[in-house]
Structures are given as C-alpha cells and as structure tokens.
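In: Predicted structure and sequence below. I'll ask about it afterward.
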Amino acid sequence: GDAKYKGTGVAIKLVRRDSAPYRKAAKMEAKILRALEGKHGTLKLLRCFEHEGHPCMSFELLGSALSEVLKIRAQQAQQG
C-alpha cells in the first residue's frame, strides 16, 4: 500500500536508475499521464518518487499482480 493514499494498494513502476534515456522517457510519461488524469483509457498516475535512485511512479491498482496471475495459471496447468 501507499501511506499517502491511506494504505490503498497501488501498482508501482520502477525505472532503471543507470539509463539516462529511460529516466528521460519516464519523466515524459509522467507528464503525459498527469495531463490525461486517468481519462481516455489510461492509468491514473498517483505520484512520482525516487527509491534508491530509481525513478518510480505509483498508479491506481486495477487488478491482480502479474505474479499472482502467473502463479494461478501454473497451478491450473498442473491440475489439468
């Protein structure tokens, strides 16, 4: 969860800290997402921050984490 959003689950995008092109693209992505405000089928950007030098963005959580989906599918494949 994100303490700023009262413990609500969020999705986090972490960008590589050692790549100037990735950092520049992340800044542009954040600027565009802020302008769109979650409209037109886009994710709502909640906030930008840095973690250990990595630019990060937090988004509204729309569904299960990818790792959970993959785990469930693997279990289903073993059963069927």
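Out: Structure's in. What do you need?

In: Low-confidence stretches in the protein?
Out: Scanning the chain with the threshold set as pLDDT under 70 gives 1-6.

In: Now with 80, please.
Out: Low-confidence segments of the chain, defined by pLDDT under 80, are located at 1-8, 63-69, 80.

In: Which stretches in it count as helices?
Out: 20-36, 66-79 (DSSP state H).

In: Return the most buried member of the ones you listed.
Out: Neighbour counts (mean count of other Cβ atoms under 10 Å) averaged over each of these peak at helix 20-36, with a mean of 13. Every C-beta, even on glycine, is put in place using the N, C-alpha and C of the backbone.

In: Other residues contacting it?
Out: Applying Cβ atoms under 8 Å, 6 or more residues apart in numbering, the contact partners of helix 20-36 are 13, 15, 16, 17, 42, 43, 44, 45, 48, 55, 57.

In: Can you report how many residues lie near residue 56?
Out: 15 (other Cβ atoms under 10 Å).

In: is it in a bridge, and if so with what?
Out: Taking DSSP bridges as the rule, residue 56 bridges to residue 14, residue 49.

In: for it, what are its contacts?
Out: With Cβ under 8 Å, 6+ apart, residue 56 has these contacts: 12, 13, 14, 15, 48, 49, 50.

In: In ChimeraX, select just the buried ones from those.
Out: Buried members of those, defined by 16 or more other Cβ atoms under 10 Å, are picked up in ChimeraX with:
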select :13,15,48
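
In: Now render the contacts of residue 56 as JSON lines, adding distance to residue 25.
Out: Putting those into JSON lines (distance: Cβ to Cβ, whole Å) gives the following:
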{"residue": "12", "distance to residue 25": "17"}
{"residue": "13", "distance to residue 25": "11"}
{"residue": "14", "distance to residue 25": "13"}
{"residue": "15", "distance to residue 25": "8"}
{"residue": "48", "distance to residue 25": "13"}
{"residue": "49", "distance to residue 25": "17"}
{"residue": "50", "distance to residue 25": "16"}
